[in-house]
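K.L.:
this one's sequence-less:
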């Protein structure tokens, strides 16, 4: 089972990764961001939108103060990288607040939610859902990293062990 320390560390890792990605993708033109690069969610912006959509969905399930996104095409959440960047910053802040307020006991027990994809209620251990949440982020950011590299961009370092200490730049 995971604990609060893991959750806080992974929330910091998420924010660090997004802070590194933002200047790279905001400097790219819309055509490059929207180009279907053969990834599961197509484009860089489509994948970033799906990831943001998933973060909002899971945070809402965890009881964080975020709006629940509409189902629909998760790749179309934000039409521009500027809109994505503003929302990404806000959601990362909400994630940090949620992680900071978490107690170890909050990771015990089960979480039950209605899954639109499965069209049924699903129940899983809370710690497993939180682990999945962070794994989902890492997985899709890895896809973005690969697409950026293929597009000739300097993708940022993504190794967790090289994350600056808390409070460092």
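P.N.:
Yep, it's here. Keep in mind it's a predicted model, so treat the numbers as computed, not measured.
K.L.:
contacts only, for residue 80.
P.N.:
If you count contacts by Cβ atoms under 8 Å, 6 or more residues apart in numbering, residue 80 has them with residue 30. C-beta coordinates here come from the backbone N, C-alpha and C atoms, glycine included.
K.L.:
look up how far residue 58 lies from it.
P.N.:
Residue 80 sits at a distance of 24 Å from residue 58 (criterion: Cβ to Cβ, to the nearest Å).
K.L.:
next, the buried residues of stretch 33-44.
P.N.:
Of all the residues in stretch 33-44, those buried under the rule 16 or more other Cβ atoms under 10 Å are 33, 34, 35, 37, 39, 41, 42, 43, 44.
K.L.:
list the contacts of stretch 137-157.
P.N.:
Contacts of stretch 137-157 with the rest of the structure, by Cβ under 8 Å, 6+ apart, involve 14, 17, 20-21, 24-25, 28, 32, 35, 37, 39-41, 43-44, 47-48, 50-51, 54-55, 158.
K.L.:
follow-up on the earlier one: what's the closest of the buried residues of stretch 33-44 to residue 64?
P.N.:
residue 41 (23.3 Å; Cβ to Cβ).
K.L.:
that closest one reaches residue 50, doesn't it?
P.N.:
Yes - between residue 41 and residue 50 there is a contact under Cβ atoms under 8 Å: 4.7 Å.
K.L.:
can you pull the residues that touch both of these two?
P.N.:
Residues touching both residue 41 and residue 50 by Cβ under 8 Å, 6+ apart: 74, 75, 140.
K.L.:
all strands for this structure, in order.
P.N.:
110-115, 120-125 (DSSP state E).
K.L.:
longest helix anywhere in this structure?
P.N.:
With secondary structure taken from DSSP state H, the chain has its longest helix at helix 126-150.
K.L.:
so it versus strand 120-125, what angle?
P.N.:
100 degrees (axes from the mean of the first three to the mean of the last three Cα atoms, to 10 degrees).
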